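Chemist: Provided below for reference: sequence and predicted model.
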Amino acid sequence: MNFYIYLILLKIIVKDIFCKRNNFYSVLDETLKVSNFRSFDDLLNSSLTISVQEIRAVYICTSKIIVLRNFNLDFLRNCITSDKSIEIYFSNLKGINIKRNELIAKNSINLVFSYTKLVFYHDGNIIKWCCNNSFTNSFFKKIYDLKFTFSVKFYLNTCPLIFENSIINRIQFFGLSNSFVKQNEPTFEKLDRKFNSTVNSLLISSYRFRLTSDFLDSNVFKQLNVISFKGVIDSIDVNTFKNLSQIKEISFETESMNIIQNSQFKWLKYLIENNINVKLDFIFVRNVDFYEQDFCLYHKIPSYGEFYISYTFYHVNCTCTQLMLLNSSKNILKNKTCLNYFSNKCNFSNLTKACGKNPMPIEFKYSKLDFYFITEYLNLYSISSKLVFSIIGFLTNLISIRICYLIEKKNLIHSLVMINSILNTILCAFSILHLFGECVFYTGIYCSTFQRSVFVQYYEIFIYNFLYRAIL
């Protein structure tokens with residue numbers, strides 16, 4: 001059965017290779033896909049005759065990894081006729097030239113980047129440091145939604161001037177991490193001067209991310225109103241919000257208590273002491289984190305006018321820890337969340353006094369993201385051990401072949417040993433080459449540069465998954 005599947009795949013691939021395409025774009029409904037081009041100059045020099053009246057989304061994927069430069073919306077001027085928003089998806093970029101691009105249009109623009117290295121260029125040169133330059137014609141001048149997916153690689157000490165004079169309604173960062181298998185934390189270079197930038201909302205999806213003022217730059221995010229966190233936040237530095245006086249709401253959607261265990265809400269105390277009116281919304285996505293022994297962990301959460309808490313469960317009998325959190329919040333319909341809300345089983349004053357005398361030890365609890373990253377640790381171990389044993393097997397079998405070759409009087413056993421060594425050498429070579437198709441996170445500790453190439457994909461399908469396994 002598998003043999004016939006591979007024959008069908010081979011037929012499709014051969015047909016795709018030998019059938020030449022006249023255009024580098026295709027249209028489905030209101031979506032334009034632009035691909036198979038090597039330079040953005042190809043778009044400027046092309047005249048697109050598209051049969052549809054309106055384009056809502058544009059997917060742009062280059063045939064090789066290049067820098068985004070000389071890009072504007074002129075080639076779509078005949079396809080954007082209304083005032084509705086348009087989404088532009090960029091993929092396969094090794095950087096962005098912030099000067100020689102222009103995205104000014106009457107439409108609301110949403111930008112999405114994937115499989116991109118967030119390296120910025122100016123006049124063809126990599127911006128390694130700001131030097132107080134001015135980039136008044138910012139690429140992000142007027143964007144409604146700017147999204148960086150999990151496959152975007154971020155870098156430290158990014159020049160914040162790339163956002164100078166920008167107007168962005170929301171920025172979304174996905175895939176931020178500070179773990180051994182994935183180090184992907186963006187920070188901004190500190191400047192001595194101020195500049196204008198408007199970002200209203202920020203969403204961060206992360207794992208073991210450390211939120212500091214190096215990321216929440218006081219120039220880029222000084223107009224920030226709403227911050228949303230998803231995933232696992234390891235800690236929040238107390239000075240993070242020092243220069244962000246416009247914040248009105250901070251929400252956490254998490255199943256990990258690291259943020260409470262590590263920071264003890266010192267950052268929240270700072271907000272309260274400085275009369276910054278913040279609405280906090282904690283969304284705990286599982287019930288098992290609220291044991292009675294966790295009471296001392298949560299009782300330090302301040303009770304003030306704009307504190308909200310949400311659970312993903314309703315109509316259950318809550319623990320004292322859950323009831324204490326609800327009492328400290330400004331939620332409405334509290335009895336709908338906890339059926340025993342009006343019961344008097346919990347003596348909160350005695351429980352609070354007990355915390356000062358014999359505080360309960362904090363037990364680390366694994367979240368779903370923790371288990372997911374554990375599988376990637378195992379994947380890294382599998383790749384590493386496969387490489388070591390494959391190299392050892394390849395070298396030892398070469399030695400065996402050499403020894404058998406040097407034997408003058410060979411018998412049947414020598415011939416069989418030599419054939420076996422040759423086959424083992426081929427299998428070890430296949431296994432070593434298979435590492436070109438392996439990846440531990442696209443932006444993680446190891447991901448082959450050739451992993452997404454067509455040749456490697458063909459090798460994985462026909463050589464490794466078919467021929468290699470057939471020999472085994």
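Modeler: All right, it came through fine. Just so it is clear, the structure is predicted and the values come from calculations on it, not from any experiment.
Chemist: Quickly list the domain ranges of the chain.
Modeler: According to automatic domain parsing, the chain comprises the domains 24-357, 368-471.
Chemist: would you turn those into JSON lines with mean neighbour count and mean pLDDT?
Modeler: Backbone N, C-alpha and C define where each C-beta goes, glycine included. Below are these laid out as JSON lines (neighbours: other C-beta atoms under 10 Å; pLDDT from 0 to 100):
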{"stretch": "domain 24-357", "mean neighbour count": "17", "mean pLDDT": "76"}
{"stretch": "domain 368-471", "mean neighbour count": "15", "mean pLDDT": "88"}
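Chemist: ok, longest strand in the chain?
Modeler: strand 198-211 (DSSP state E).
Chemist: For residue 467, see how far away residue 374 is.
Modeler: As judged by C-beta to C-beta, to the nearest Å, residue 374 and residue 467 stand 32 Å apart.
Chemist: Hmm, I typed the wrong one, I wanted residue 443.
Modeler: Look at residue 443 and residue 467: by C-beta to C-beta, they are 31 Å apart.
Chemist: swap in residue 436?
Modeler: For residue 436, the distance to residue 467 - C-beta to C-beta - is 16 Å.
Chemist: show me where the stretch 251-400 of the chain has strands.
Modeler: 279-284, 307-311 (DSSP state E, counting those that start in this stretch).
Chemist: How about residue 225: what's its closest non-neighbour residue?
Modeler: residue 248 (4.9 Å; C-beta to C-beta, 6 or more residues apart in numbering).
Chemist: That should have said residue 202, apologies.
Modeler: Residue 202 sits nearest to residue 227 (C-beta to C-beta, 6+ apart), 5.0 Å away.
Chemist: Just list what the helix or strand hosting that neighbour packs against, helices and strands only.
Modeler: Applying DSSP states H and E as the criterion places residue 227 in strand 226-236. Applying 3 or more C-beta pairs under 8 Å, 6 or more residues apart in numbering; DSSP states H and E, one finds that strand 226-236 contacts strand 198-211, strand 249-254, helix 258-263, helix 368-406.
Chemist: need these in a markdown table with distance to residue 455, can you?
Modeler: Shown next, in a markdown table, are those (distance: least, C-beta to C-beta, whole Å):
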| stretch | distance to residue 455 |
| --- | --- |
| strand 198-211 | 32 |
| strand 249-254 | 41 |
| helix 258-263 | 42 |
| helix 368-406 | 20 |
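Chemist: Is residue 111 bridged to anything, and to what?
Modeler: Taking DSSP bridges as the rule, residue 111 bridges to residue 88, residue 146.
Chemist: Give me the distance between it and residue 225.
Modeler: To residue 225, residue 111 is 20 Å away according to C-beta to C-beta.
Chemist: Helix, strand, or coil at the closest residue to residue 445 other than its chain neighbours?
Modeler: With C-beta to C-beta, 6+ apart as the criterion, residue 445 has its nearest non-adjacent residue at 5.0 Å, and that residue is residue 181. In three-state terms, and counting by DSSP: H, G, I helix; E, B strand; the rest coil, residue 181 is coil.
Chemist: give the contact list for the residue sitting furthest away from the middle of the chain.
Modeler: Distance to the chain centre peaks in the chain at residue 409, reaching 61.8 Å (criterion: C-alpha atoms, centre = their mean). By C-beta atoms under 8 Å, 6 or more residues apart in numbering, no residues touch residue 409.
Chemist: Show the backbone phi and psi for it.
Modeler: phi -100, psi 90 (degrees, to the nearest 10).
Chemist: Also residue 216?
Modeler: Here residue 216 shows phi and psi, under degrees, to the nearest 10, equal to phi -80, psi 70.
Chemist: and it, how far is that from residue 176?
Modeler: Separation of residue 216 from residue 176 (C-beta to C-beta): 12 Å.
Chemist: partners of the residue lying closest to residue 223 once chain neighbours are set aside in the sheet?
Modeler: Distance criterion C-beta to C-beta, 6+ apart; nearest residue to residue 223, sequence neighbours excluded, is residue 198 at 4.7 Å. With DSSP bridges as the criterion, residue 198 is bridged to residue 167.
Chemist: any idea how far residue 168 is from residue 198?
Modeler: 7 Å.
Chemist: Likewise for residue 96?
Modeler: Between residue 96 and residue 168 the computed distance is 15 Å (C-beta to C-beta).
Chemist: same check, this time on residue 442
Modeler: 25 Å.
Chemist: same check, this time on residue 33
Modeler: Counting by C-beta to C-beta, the gap from residue 33 to residue 168 is 25 Å.
Chemist: that's a strand at residue 92, yeah?
Modeler: Yes. According to three-state DSSP, residue 92 belongs to a strand.
Chemist: show me the contacts for it.
Modeler: Here residue 92 is in contact with 61, 62, 64, 65, 66, 115, 116 (C-beta under 8 Å, 6+ apart).
Chemist: hmm, back to that, please tell me how far the residue farthest from the centre of the chain sits from residue 415.
Modeler: To residue 415, residue 409 is 12 Å away according to C-beta to C-beta.
Chemist: cool, residue 443 as well?
Modeler: Following C-beta to C-beta, the distance that separates residue 443 from residue 415 is 50 Å.
Chemist: Then residue 296?
Modeler: 74 Å.
Chemist: Same question for residue 388.
Modeler: In this structure, residue 388 and residue 415 are 30 Å apart, going by C-beta to C-beta.
Chemist: now residue 422
Modeler: 11 Å.
Chemist: Same question for residue 227.
Modeler: Going from residue 227 to residue 415 by C-beta to C-beta gives 71 Å.
Chemist: and if you look at residue 431?
Modeler: Look at residue 431 and residue 415: by C-beta to C-beta, they are 25 Å apart.
Chemist: and what of residue 216?
Modeler: Distance of residue 216 to residue 415, computed by C-beta to C-beta: 70 Å.
Chemist: Kindly report the same for residue 250.
Modeler: From residue 250 to residue 415 the distance is 74 Å (C-beta to C-beta).
Chemist: Repeat that for residue 201.
Modeler: 72 Å.
Chemist: what's the answer for residue 69, then?
Modeler: The span separating residue 69 from residue 415 equals 61 Å under the rule C-beta to C-beta.
Chemist: what do you get for residue 433?
Modeler: Per C-beta to C-beta, residue 433 is found 27 Å from residue 415.
Chemist: And for residue 143?
Modeler: According to C-beta to C-beta, residue 143 stands 69 Å off from residue 415.
Chemist: This completes my enquiry, with thanks.
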